[in-house]
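S.K.: Fold the following.
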Amino acid sequence: MGNTQQKLAQNQSEQESPVAESSDESFTCEICIEPILLPNKKFKNQNLCVHPFCIDCMMKYISVKLEDNVGNIPCPSLSCDKFLDPISCRNLVGPQLFVRWSDVLCESSVLGLAHCYCPDRRCSVLILDECGGNAKRSKCPNCKMHFCFQCKLPWHSGFQCDESRELRDRNDVVFGVVAEANKWKRCPQCRHFVELIEGCKIVKCRCGASFCYNCGKRVHRHWCSCDSAAVLCIRVIHGFTIIFILLSIFFIFRNLNSILPKN
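M.R.: Numbers count the residues shown, from 1 in each chain. Down below sits the predicted model:
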């Protein structure tokens with residue numbers, strides 16, 4: 001009976017000792033800011049860096065980076081310039097993500113041509129620049145999505161690349177597609193869209209700027225070389241000709257009245 005109680009006490013002390021040890025080796029994850037009591041939940045990046053991150057947070061972090069096709073994944077710590085070691089993370093991410101990670105690393109190191117990935121994360125297929133750096137509007141060969149090769153965003157019709165980065169609402173991109181389909185023009189001064197239904201090609205925006213609807217250039221700074229400018233010139237000349245003829249007729253009749261004898 002005494003031996004049995006001694007063994008039970010010994011087993012109980014053995015079960016309690018790891019808990020006490022783990023509480024001493026607990027850490028706080030720098031991502032979720034949660035205290036982690038189990039030391040085996042701490043992520044280890046080989047011997048590159050030893051920042052305290054829990055395995056759950058690192059799995060999510062690596063998955064997001066791979067979705068963005070980032071092969072050289074930096075350490076999440078803001079003060080660290082090390083990269084994660086794929087081999088040490090192999091068991092952590094699982095076989096599917098590890099294969100994806102390997103593919104991204106191979107593509108980034110082997111491919112010499114400029115390349116990007118389809119902006120649609122449901123597709124994310126690799127696309128090469130075969131136009132010698134001049135590619136802009138591109139079409140994904142897999143999902144057929146139109147996008148800008150320069151800024152890697154969905155095609156932003158009517159917007160420059162620096163402007164498209166500020167488009168937080170997808171409706172802005174859709175509006176750009178509608179504007180291109182209806183051939184709306186942007187004012188060269190305020191950059192708002194203007195629609196010409198009919199009439200003269202020289203239009204005036206609500207900001208007060210006048211520009212040519214064909215070429216989109218201001219009319220007070222230069223003379224347009226497009227067809228609408230020539231038509232406008234002909235109209236102006238024709239108008240002055242009519243005025244000149246009417247004035248000539250008026251002066252002729254006035255002179256005749258002065259010459260003819262009065263009864």
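
S.K.: pretty sure F53 is touching E30, no?
M.R.: Yes - between F53 and E30 there is a contact under C-beta atoms under 8 Å: 6.0 Å. (Glycine included, C-beta is placed from N, CA and C.)

S.K.: Now list whatever residues contact both of these two.
M.R.: Applying C-beta atoms under 8 Å, 6 or more residues apart in numbering, one finds that F53 and E30 are jointly contacted by P76.

S.K.: okay, the two: which has more neighbours?
M.R.: The neighbour count for F53 versus E30, taken as other C-beta atoms under 10 Å, is higher for F53 (24 against 14).

S.K.: OK, contacts around that one?
M.R.: 29-31, 42-43, 61, 76.

S.K.: okay, it: pLDDT?
M.R.: pLDDT for F53: 82.

S.K.: Now the phi/psi pair for it, please.
M.R.: The phi and psi torsions at F53 (degrees, to the nearest 10) take the values phi -130, psi 140.

S.K.: Excluding covalently adjacent residues, which one is nearest to it?
M.R.: Once flanking residues are discounted, F53 sits nearest to F43: 4.5 Å by C-beta to C-beta, 6 or more residues apart in numbering.

S.K.: Relative to G216, how far out is that neighbour?
M.R.: Distance of F43 to G216, computed by C-beta to C-beta, to the nearest Å: 55 Å.

S.K.: Please apply the same query to S63.
M.R.: Distance, S63 to G216, using C-beta to C-beta: 45 Å.

S.K.: what residues are up against the residue nearest to C205 when sequence neighbours are not counted?
M.R.: Once flanking residues are discounted, C205 sits nearest to C187: 4.0 Å by C-beta to C-beta, 6+ apart. With contact taken as C-beta under 8 Å, 6+ apart, C187 is in contact with 193-194, 205, 207, 209, 211.

S.K.: Tell me the one of those nearest C151?
M.R.: Nearest to C151, judged by C-beta to C-beta, of the contacts of C187 is F193 at 20.5 Å.

S.K.: give me the beta-bridge partners of that closest one?
M.R.: R186 (DSSP bridges).

S.K.: these two touch, right, it and N182?
M.R.: No - with contacts counted by C-beta under 8 Å, F193 stays clear of N182, the gap being 9.2 Å.
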